[in-house]
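Enquirer: got a predicted structure plus its sequence, pasted below:
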Amino acid sequence: MGNALRRLAAGALALCTALAATPASWLPSASAAVAATVAWSEPVGEGVVVTKYEKRVGGRPVDIFVAEIDLRNPYAQIVPLYGKEGHLTRKQTVLGHAQASGAVVSVNADFFHLSGIGVPLGPVIDQGTVVSAPGVATWPTFGVTKSGEAVILPLAFTGTVTAPDGRTYPLRGVNKESFDPRDGAHSHINQLNLYTPAWGPTSYGNAKGAFKNVVELVVAGGVVREVRVDQPGASIPPNGYVLWGQGQAAEFLKAHFRVGDPVQVSYGLKNDPGLQMAVGSHILLVDQGRSVNPVDPAVASHVPHARAAVGIDRSGKKVWLVVVERSADGDSKGMTLPELADFLVELGAWKAINLDGGGSAMMVARRLGETNRVALNEPPYKGGYRAVPTAIGVLNTAPAGEAKGIFVTGPKEVLAGDTATFSFKGYDVHYHPYRVTPQEVVWQVSGPGAAKAHGFSVRFPTGGTYTLTARVGAASRQLTVRVIGGADVARLVVQPSELVLKPGETRTLTVQAVTKDGRTFTLKPHHVTVTAEGAIGAVNGLAVTAGPAAAMGFLRVAFDGAVAVVPVTVGAPAAPFADVRGHWAEQPIAALAARGLVAGVAPGRFAPDAPVTRAQLAVLLARLSGVETRAGAQARPLPYRDSLPSWAREAIRAMTEQGLLRGYPDGTFRPDRPVTRAELAAILDRYLGATGHAPLPPFRDAAAIPSWAREAVARVAQAGVMKGTGDRFEPQRPTTRAEAAVVLYRLLMLPKGPVAKR
């Protein structure tokens with residue numbers, strides 16, 4: 001017997017079912033288990049609650065899915081799910097069974113011959129009718145009586161075929177394949193079996209040559225229509241059946257029936273408690289509220305596997321459908337049968353039986369508010385879920401009702417100016433899905449701005465945190481949306497950062513908001529407002545079209561209070577310096593030269609890549625400020641003891657008096673010394689009069705910026721006056737004359753008044 005068990009365990013049955021269950025014996029708890037934690041729990045139908053438990057068993061993490069059914073609820077109906085399109089011989093996954101039947105929750109049921117046709121080994125009773133007869137009489141069956149009580153008990157089949165001459169022959173079964181799970185042998189030798197349309201389109205026949213001396217009677221309307229000997233399966237009449245006999249049973253059919261003869265068939269269950277439905281199983285796990293020692297090598301009882309079971313309470317009014325997950329990724333390790341039995345006792349089971357497990361174990365539910373059904377447990381193998389012949393399904397027979405609850409999903413974070421669209425799902429008072437229409441939704445919105453809500457959408461005008469309450473009838477749901485606005489922005493980055501346009505030329509801006517927490521968002525036209533200052537042209541969204549005449553001005557790009565300025569030159573003059581033609585700073589230098597704000601170092605030569613000196617910078621700033629010469633300037637002494645060039649003396653004096661330029665501790669000015677980029681940032685910071693903290697951009701060389709210049713670098717970068725070179729700032733590098741000219745150009749294009757927030 002042990003060898004037979006091991007052979008069957010190698011592949012004869014789904015999850016290796018074989019032999020009758022070991023006689024029950026009472027044992028203490030076999031598992032080192034701890035209390036289960038509820039991961040989630042929700043009703044999925046009237047009288048049906050599905051719960052996911054997380055538990056450690058024997059040191060292993062295990063996820064368990066439990067559907068609890070209250071049969072006292074008249075709308076909760078347990079039904080058998082079998083075959084596909086009404087045919088037992090066509091298997092499908094539990095998901096397929098559930099979708100076809102409309103079950104709100106379902107779990108796989110009986111074992112089957114994995115390498116055979118695959119019909120269930122045990123019974124299928126549907127609406128009191130035997131769809132498939134019990135197999136092994138000692139194996140337990142789960143069922144629900146016509147009075148609505150769940151039962152677990154063994155079922156035995158009895159049946160008789162009576163010939164016209166009064167002779168009888170025992171009927172072994174209905175819609176069974178020839179397989180004895182106790183030893184793997186043929187069960188149909190010398191036996192008489194019956195096949196109804198629920199079997200499939202054709203009868204068993206000679207099973208592709210597996211049998212000899214097979215006789216089939218095709219019966220329709222209670223009369224023999226055809227006698228077939230050793231032939232393939234016959235078409236089963238929709239108003240009849242096929243009697244199949246082998247050996248002695250075949251001889252009985254040949255001897256006592258002719259075409260046209262009437263046939264009398266009677267069959268049923270020996271110990272039927274009035275079953276409305278039933279499906280088979282294999283091993284008893286719990287009896288009278290105590291764990292039974294379910295030891296059976298054929299189902300690897302003491303090896304953790306994916307498992308399935310059904311339990312009932314003492315009253316027969318409560319049913320538990322259970323699936324234990326053993327995931328392919330190892331997050332859930334499965335259970336042994338003793339561990340599963342102990343868990344069922346913890347649930348409160350009075351009786352429980354083991355259903356097919358391993359690759360067959362699958363629980364499917366229609367989650368609350370959903371219209372589709374989904375698998376709850378992950379498959380134990382990467383190949384997916386196994387097709388099975390039978391499942392247990394639970395129907396919600398209640399009528400549709402009013403909305404009871406809603407689920408609202410949508411973005412948790414948006415940008416100021418965005419219109420967010422939310423998805424609605426609902427369920428009614430009987431836990432059916434409820435379809436929400438836009439016309440039903442009533443919004444209540446509180447937040448810093450006047451948000452506009454309509455249907456499934458809400459528009460957020462400004463930044464901040466908004467609390468939204470959506471109502472559909474008596475159902476409501478509250479959610480919070482964080483709106484990123486100007487207060488969250490460290491700087492706006494506009495490309496191109498400067499525009500030099502030909503008359504009539506159109507360019508499109510790209511705008512990004514860099515937030516104080518370092519994230520970058522690309523803004524769209526509905527996020528920003530772009531306005532033109534000066535007669536530079538027209539703006540349409542993010543597109544700028546230059547006017548017909550030469551002009552200088554700027555674009556103000558605003559996002560919820562955060563502002564960036566883009567200098568614009570229309571019809572820029574040709575560069576008067578030969579060495580700046582084609583240079584990256586050609587247009588700003590040409591524009592400044594046209595205004596007399598910059599000059600060359602020699603006729604036709606600007607030396608754009610030469611360092612700018614402190615004296616040259618003083619002249620540039622003085623020209624920008626309009627204070628290069630003033631009456632009485634010569635009367636005021638200079639505070640520096642070193643010699644200053646005559647062409648820069650008054651500019652140095654004016655910029656010193658304004659506090660923009662400072663000397664060195666030894667009393668010198670050092671006019672010929674190059675200005676580093678860190679020094680230029682500090683000077684520009686003083687020129688702008690900027691105050692307050694600004695976030696330092698993520699320059700790769702930020703650590704090299706001197707402490708005295710860090711705040712200045714941050715502020716002028718935020719103002720858009722100075723930028724890095726690539727991803728570096730290069731604080732100690734001398735500033736070039738081209739860079740100084742570009743900075744001057746940017747300062748010239750700044751809006752009048754306080755420095756705008758950028």
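Expert: Thanks, I have it.
Enquirer: quick one, helices of the stretch 501-650 of the chain?
Expert: For the stretch 501-650 of the chain, applying DSSP state H, counting those that start in this stretch gives helices covering 586-594, 614-625, 649-657.
Enquirer: over to the chain?
Expert: 2-9, 94-101, 248-256, 337-347, 586-594, 614-625, 649-657, 677-688, 707-719, 737-749 (DSSP state H).
Enquirer: could I get the average pLDDT for the last one?
Expert: When you say that, I think you mean helix 737-749. Mean pLDDT, helix 737-749: 89.
Enquirer: what's in contact with it?
Expert: 498, 552-554, 565-568, 580, 583-585, 588-589, 591-592, 595, 597-598, 606-612, 616-617, 620-621, 624, 675, 677, 680, 684, 687, 720-722 (Cβ atoms under 8 Å, 6 or more residues apart in numbering). To be clear about C-beta, it is placed using only N, CA and C from the backbone, and glycine gets the same treatment.
Enquirer: same check on stretch 489-499?
Expert: 507, 509-516, 520, 544, 555, 557, 559-560, 562-564, 566-569, 587-588, 694-695, 697, 717-718, 720, 723, 742, 745-746, 749, 758.
Enquirer: from those, which ones fall inside strands?
Expert: 507, 510-515, 520, 544, 555, 557, 559, 562-564, 566-569 (DSSP state E).
Enquirer: redo the helices of the stretch 501-650 of the chain as a markdown table? Include mean neighbour count.
Expert: Formatted as a markdown table, the helices of the stretch 501-650 of the chain follow (neighbours: other Cβ atoms under 10 Å):
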| stretch | mean neighbour count |
| --- | --- |
| helix 586-594 | 22 |
| helix 614-625 | 22 |
| helix 649-657 | 22 |
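Enquirer: distance to residue 476 added to those helices, as TSV?
Expert: TSV is the format used below for these (distance: least, Cβ to Cβ, whole Å):
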stretch	distance to residue 476
helix 586-594	58
helix 614-625	60
helix 649-657	65
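Enquirer: now render these as CSV, adding mean pLDDT.
Expert: Output for those, formatted as CSV (pLDDT from 0 to 100):
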stretch, mean pLDDT
helix 586-594, 85
helix 614-625, 91
helix 649-657, 91
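Enquirer: looking at those helices, which is closest to residue 400?
Expert: helix 586-594 (69.8 Å; Cβ to Cβ).
Enquirer: residue 92 is in contact with residue 386, correct?
Expert: No - distance between residue 386 and residue 92: 10.0 Å, which falls outside the contact criterion (Cβ atoms under 8 Å).
Enquirer: grab the most central residue of the chain for me.
Expert: Geometric centre of the chain, nearest residue: residue 409, 12.1 Å, by Cα atoms, centre = their mean.
Enquirer: what's the most buried one of the helices of the chain?
Expert: Ranked by mean neighbour count, the helices of the chain are led by helix 337-347 with a mean of 24 (mean count of other Cβ atoms under 10 Å).
Enquirer: roughly how far is it from the heart of the chain?
Expert: 32 Å (Cα atoms, centre = their mean, to the nearest Å).
Enquirer: against which helices or strands is that helix packed?
Expert: strand 48-57, strand 60-70, strand 283-287, strand 290-291, strand 307-312, strand 318-324, strand 351-355 (3 or more Cβ pairs under 8 Å, 6 or more residues apart in numbering; DSSP states H and E).
Enquirer: I'd like those as JSON lines, with mean neighbour count appended.
Expert: Below are the helices and strands packed on helix 337-347 laid out as JSON lines (neighbours: other Cβ under 10 Å):
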{"stretch": "strand 48-57", "mean neighbour count": "20"}
{"stretch": "strand 60-70", "mean neighbour count": "22"}
{"stretch": "strand 283-287", "mean neighbour count": "26"}
{"stretch": "strand 290-291", "mean neighbour count": "22"}
{"stretch": "strand 307-312", "mean neighbour count": "28"}
{"stretch": "strand 318-324", "mean neighbour count": "25"}
{"stretch": "strand 351-355", "mean neighbour count": "29"}
